[in-house]
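> take this sequence and fold it.
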Amino acid sequence: MRDLSGISALVTGGASGLGLATARALAEAGARVAALDLNVGTSEPGILQLACDVADDASVIAALDAAERAHGSARIVVNCAGIAGSMRLVGRDGPVEMARFERVIRVNLLGTVSVMTKAAARMMTLDPIGPDGERGVIVNTASITAYEGQIGQGAYVASKGAIAAMTIQAAREFAARGVRVLAIAPGLFHTPMAAEVPPEVVDAITSDAIFPRRFGEPEDFADLCLSMIRNPMLNGEVIRLDAGVRLRAR
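Down below sits the predicted model:
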């Protein structure tokens, strides 16, 4: 899907961080963008801001319906909505509180699956476009913690590891209908979620990076996302975006 002009796109978590940068990049490329977020963002040129709780089925359906009324059926979906979830599996007070663990899974994993499947079902009804007969593309957000889980990040690791694992499965399942599925596994980026990371951890991680020795910027994520959307030969792949860093255990 090389020419994005006039193409309808959805971005969850689109009010800030990676989602906002991606929504802006898509809009600048000519796409008709709807940014879905629990807290509606400020007005942005070319971006329709919609309230959506990705962990609530009715909210997801209502947001997809509203975006479709405004822009037509989406051929591009980027899932960036997510929450942090620092907690040990067994801490000083005993085993992890399952309600806290479940909330991270519900937002990060089930929210991604909910938006992906509901949007994909709509994509599959569209006419194919381009020389390959593509109907749409979905890019989900995993994390390098899916491969190098740090101590105290069990719920987050579980949610992102599942997203990474199901990328090839969903791509295979949707292939017959011309819908691609991909994922990006970012390292540490300058986002609201990163504000929770202690400075000493930031220093340790960035000092281990191969190059460049810095946090990623949301625009770095958005650039890769658009490249993946535009390249029809990319499918079923999880791409690390981390400057070559490998996380320490803690």
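
> now residue 161. Nearest residue, chain neighbours left out?
Excluding the flanking residues, the one nearest residue 161 by CB to CB, 6 or more residues apart in numbering is residue 146, at 4.1 Å. Any C-beta I mention is one placed from the backbone N, CA and C, and that applies to glycine too.

> and for that neighbour, the neighbour number?
Residues within reach of residue 146, counting by other CB atoms under 10 Å, total 21.

> distance-wise, check it relative to residue 185.
From residue 146 over to residue 185 the distance is 6 Å, taken as CB to CB, to the nearest Å.

> next: residue 96.
Using CB to CB, residue 96 is found at 24 Å from residue 185.

> sorry, back to before: shared neighbours of residue 146 and residue 185, which are they?
Contact criterion CB atoms under 8 Å, 6 or more residues apart in numbering; residues bridging residue 146 and residue 185 by contacting each: 160, 164, 238.

> now the closest residue to residue 27 other than its chain neighbours: phi and psi?
Excluding its sequence neighbours, the residue lying closest to residue 27 (CB to CB, 6+ apart) is residue 46, at 3.6 Å. For residue 46, the backbone dihedrals (degrees, to the nearest 10) come out as phi 80, psi 10.

> do you know how far residue 46 is from residue 8?
Residue 46 is 12 Å from residue 8, by CB to CB.

> overlap in contacts of those two?
residue 32.

> so those two - more neighbours on which side?
Using other CB under 10 Å as the criterion, residue 46 and residue 8 rank with residue 8 on top: 22 against 14.

> give me the low-pLDDT residue ranges for the protein?
Along the chain, the model assigns pLDDT under 70 to residues 194-198, 201.

> in the stretch of helix or strand residue 25 belongs to, which residues are buried?
For residue 25, the host element (DSSP states H and E) is helix 17-28. Residues 17-27 are the ones in helix 17-28 that count as buried (16 or more other CB atoms under 10 Å).

> need the longest strand for the protein.
strand 179-186 (DSSP state E).

> in the helix or strand following that one, what counts as buried?
Using DSSP H and E, the helix or strand that directly follows strand 179-186 along the chain is helix 199-208. For helix 199-208, the neighbour count (16+ other CB under 10 Å) marks 205-206 as buried.

> all good on my end, thank you.
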